[in-house]
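**Q** quick one, structure for this:
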Amino acid sequence: MSLLADSPPPPPPKRLVVLMPTWFGDVLMGTPTLHALREHLPGLHLAAAVRADLVPLLDGNGDLDEVIALEAGGKGPHVIEAGHRLHAGGFDTAVLLPNSLRSAMLARLAGIPRRIGYERDGRGLLLTDRLIPRREKRKFVPVPTVEYYLQLARYLGAAGADTRMRVTATDADRRAAAGLGLPPGRTLVLNPGAAKPEKRWDPMRFAAAADALAERHGLAAAVTGAPGEAAEAAAVVAAMRSDATDLVAAGTGLAAGKAVMADAALLLTGDTGPRHLAAACGTPVVTLFGPTAPGWTTIGFDREAQVVARSGEMSGITVDEVVDAASGLLEPAREREPAAVGV
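**A** Numbers count the residues shown, from 1 in each chain. The predicted structure follows:
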């Protein structure tokens, strides 16, 4: 990646806000950048602005002084209101993790003097410090998202060598999860949903894999997902021979979901946000890849097993492949490595 910019590195900021991405997994992949900034500038007032429904991902994060909740999407009045909220923070520097034009407009509207981000999406004139991502033959070179974000912290002088994602299950999160009655350390979390239909594995195969793992390793299944993925979760539960807890039907929120994941034995998922949550918690994860190229989403977690469909379609992944990958993570007699922060 090229780290060319059209102005010299800025002086050390005193009040900095990081505009976080709008996707679940990307927020977690931005946490190494928050940590790098904190380590490099310990006296800095460091804030993160994030979509309101994703605030629980940053609750308890020891690198942050402040979390600012912003309404998702929206135009006109929503953007103006968000700009006013950021302006009230008196920030001298904004670091933009998203490539979007909207994030640059928001930072400019907030009157933040320095606005650092990648020159993408036609937003160059709205940035004071423009980083240029590398291209080959007019195409952007695949770079793991964690590294892509970390380059922004390195531009400010941070070493940024630690690529571990960070999340904290607070005491309140654990209390919320305790009422679900899941067996400590023996929960197999299943995440059958995905925002894009082509990234979903057949619910019947999820169920078959879960039954096999429950029998072989003595695990109890719990099916998670976003509120809009209730049908997928219910289909998996209905197809299983063994008992399973439907976390979506139980109304389990993101806060309690963090605690469930932190205590789980394994997660089985597609390339979606819960994959990153598991890695941040130190929980082993089997990730299923169909149309997505793993190179863009490398997370550097050594307790992840990737099952990649040779056909490029999720239907090409078999139950036996998934069960074997999961068993390879569950069978070694080694303790789980601790999560980076607070879990």
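
**Q** so who does the residue nearest to Pro203 when sequence neighbours are not counted touch?
**A** Nearest residue to Pro203, sequence neighbours excluded (C-beta to C-beta, 6 or more residues apart in numbering): Ala235, at 4.0 Å. (Glycine included, C-beta is placed from N, CA and C.) Applying C-beta atoms under 8 Å, 6 or more residues apart in numbering, we find Ala235 in contact with Pro192, Pro203, Met204.

**Q** highest neighbour count among those?
**A** Counting neighbours by other C-beta atoms under 10 Å, Pro192 leads these with 28 neighbours.

**Q** surely that one is in contact with Ala209?
**A** No: contact criterion C-beta atoms under 8 Å: Pro192 and Ala209 do not qualify, at 10.5 Å.

**Q** now do the shared contacts for those two.
**A** Joint contacts of Pro192 and Ala209 (C-beta under 8 Å, 6+ apart) do not exist.

**Q** pLDDT below threshold where in the stretch 51-200 of the chain?
**A** Low-confidence segments of the stretch 51-200 of the chain (pLDDT under 70): 73-77, 160.

**Q** which residues in it form strands?
**A** 66-70, 93-96, 114-118, 129-131, 135-136, 139-140, 187-191 (DSSP state E, counting those that start in this stretch).

**Q** hang on, the earlier thing: please, which helix or strand holds the residue nearest to Pro203?
**A** In this assignment (DSSP states H and E), Ala235 forms part of helix 230-239.

**Q** pLDDT of that helix, averaged?
**A** The pLDDT scores in helix 230-239 average 97.

**Q** relative to strand 187-191, how tilted is it?
**A** 130 degrees (axes from the mean of the first three to the mean of the last three C-alpha atoms, to 10 degrees).

**Q** next one: helix 230-239 to chain centre, how far?
**A** Computed by C-alpha atoms, centre = their mean, to the nearest Å, the chain-centroid distance of helix 230-239 equals 24 Å.

**Q** mind checking what helix or strand follows it in sequence?
**A** Per DSSP H and E, the first helix or strand lying C-terminal to helix 230-239 is strand 244-246.

**Q** partners of that following strand, with directions?
**A** Paired neighbours of strand 244-246 in the sheet (DSSP bridges): strand 220-223 (parallel).

**Q** please enumerate the helices of this protein.
**A** With DSSP state H as the criterion, the chain has helices at 24-29, 31-40, 77-88, 101-109, 145-155, 171-178, 203-217, 230-239, 254-263, 273-281, 319-330.

**Q** out of these, nearest to Ala48?
**A** helix 31-40 (6.4 Å; C-beta to C-beta).

**Q** could you give me the buried positions within the closest one?
**A** Residues of helix 31-40 classed as buried: Thr31, Pro32, Thr33, Leu34, His35, Ala36, Leu37, Arg38, His40 (neighbour count, 16 or more other C-beta atoms under 10 Å).

**Q** could I get the CA-only coordinates of it as PDB?
**A** Extracted in PDB, the C-alpha atoms of helix 31-40 (Å, rounded to 0.1, in the frame of the first residue of the first chain):
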ATOM      1  CA  THR A  31     -10.200  -1.400  17.100                       C
ATOM      2  CA  PRO A  32      -6.500  -2.100  16.500                       C
ATOM      3  CA  THR A  33      -6.400   1.500  15.000                       C
ATOM      4  CA  LEU A  34      -7.900   2.900  18.200                       C
ATOM      5  CA  HIS A  35      -5.400   1.000  20.300                       C
ATOM      6  CA  ALA A  36      -2.500   2.200  18.100                       C
ATOM      7  CA  LEU A  37      -3.600   5.800  18.500                       C
ATOM      8  CA  ARG A  38      -3.900   5.400  22.300                       C
ATOM      9  CA  GLU A  39      -0.500   3.800  22.600                       C
ATOM     10  CA  HIS A  40       1.200   6.500  20.500                       C
END
